[in-house]
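Trainee: the amino acid sequence is not available; the structure is as follows:
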Ligand SMILES: Nc1ncnc2c1ncn2[C@@H]1O[C@H](COP(=O)(O)OP(=O)(O)OP(=O)(O)O)[C@@H](O)[C@H]1O
């Protein structure tokens, strides 16, 4: 078998890694981006050890695998990130991200700092965008306004945000840093950057 070098498909587009402290506005901006460009982006298909639910198609909704297979994939370093939730494993494989690019779609990964570090260890050639809150005070206000947090989980998220903002200051970690101050302005900057790197 001939080995194929990574990213050998000339039409493949770099995956976009979008990270931000929780509550900065990633979901808001991504929902808008996907709605504006429905044919451009694609989602990677995750692996899971949970049972398929009715209506779910293997290889479309998820790659359904046994715990043994999942653990062997972990050992092979196949995952960009994985987690255990409610007794089941879930993970995003490097291969799943590459498969999106090979279909000519742009894979957008909405991940947190540890995931960013892991993607950086792969040869996916991703572009890294960091979305920054205007300030920690404003981030607190957005999280409170969303109405999803208790005082305790709010405190944890803000503490975590401090660490993530510190990591984002390290030169060379991100290709683009966008401050989500005014939503329309931040959206235009994000859209302009992404369309620029994938064209
Ligand atoms: N530029 C903005 N100005 C004011 N409010 C904003 C702005 N962007 C987002 N918001 C609001 O901030 C809140 C958090 O946004 P969102 O849920 O998109 O964050 P997130 O980064 O995806 O968070 P998580 O990672 O926790 O899912 C939402 O209520 C959203 O409407």
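Mentor: It's in. Model, not experiment: these values are computed from the prediction.

Trainee: what about residue 72, neighbour count?
Mentor: For residue 72, the count of nearby residues is 12 (other C-beta atoms under 10 Å). Just so you know, the C-beta spots here come from the backbone N, C-alpha and C atoms, and that holds for glycine as well.

Trainee: longest single helix anywhere in the chain?
Mentor: Criterion DSSP state H: the longest helix present in the chain is helix 151-168.

Trainee: check which residues of whatever helix or strand comes next after it are buried.
Mentor: Per DSSP states H and E, the first helix or strand lying C-terminal to helix 151-168 is strand 176-179. By neighbour count with 16 or more other C-beta atoms under 10 Å, strand 176-179 contains the buried residues 176, 178.

Trainee: list the helices and strands strand 176-179 packs on?
Mentor: For strand 176-179, the elements it packs on are strand 127-132, helix 183-198, judged by 3 or more C-beta pairs under 8 Å, 6 or more residues apart in numbering; DSSP states H and E.

Trainee: now the last one: buried residues?
Mentor: Read it as helix 183-198. 186, 187, 189, 190, 193, 194, 198.

Trainee: shouldn't the first one be in contact with residue 29?
Mentor: Yes. At 6.6 Å, residue 186 counts as touching residue 29 under the criterion of C-beta atoms under 8 Å.

Trainee: between those two, what contacts are shared?
Mentor: Residues touching both residue 186 and residue 29 (C-beta atoms under 8 Å, 6 or more residues apart in numbering): 131, 180.

Trainee: the longest helix of the chain to strand 127-132, inter-axis angle?
Mentor: 130 degrees (axes from the mean of the first three to the mean of the last three C-alpha atoms, to 10 degrees).

Trainee: tell me the buried residues in helix 151-168?
Mentor: The neighbour-count check on helix 151-168 (16+ other C-beta under 10 Å) flags 154, 157, 158, 161, 164, 165, 167, 168 as buried.
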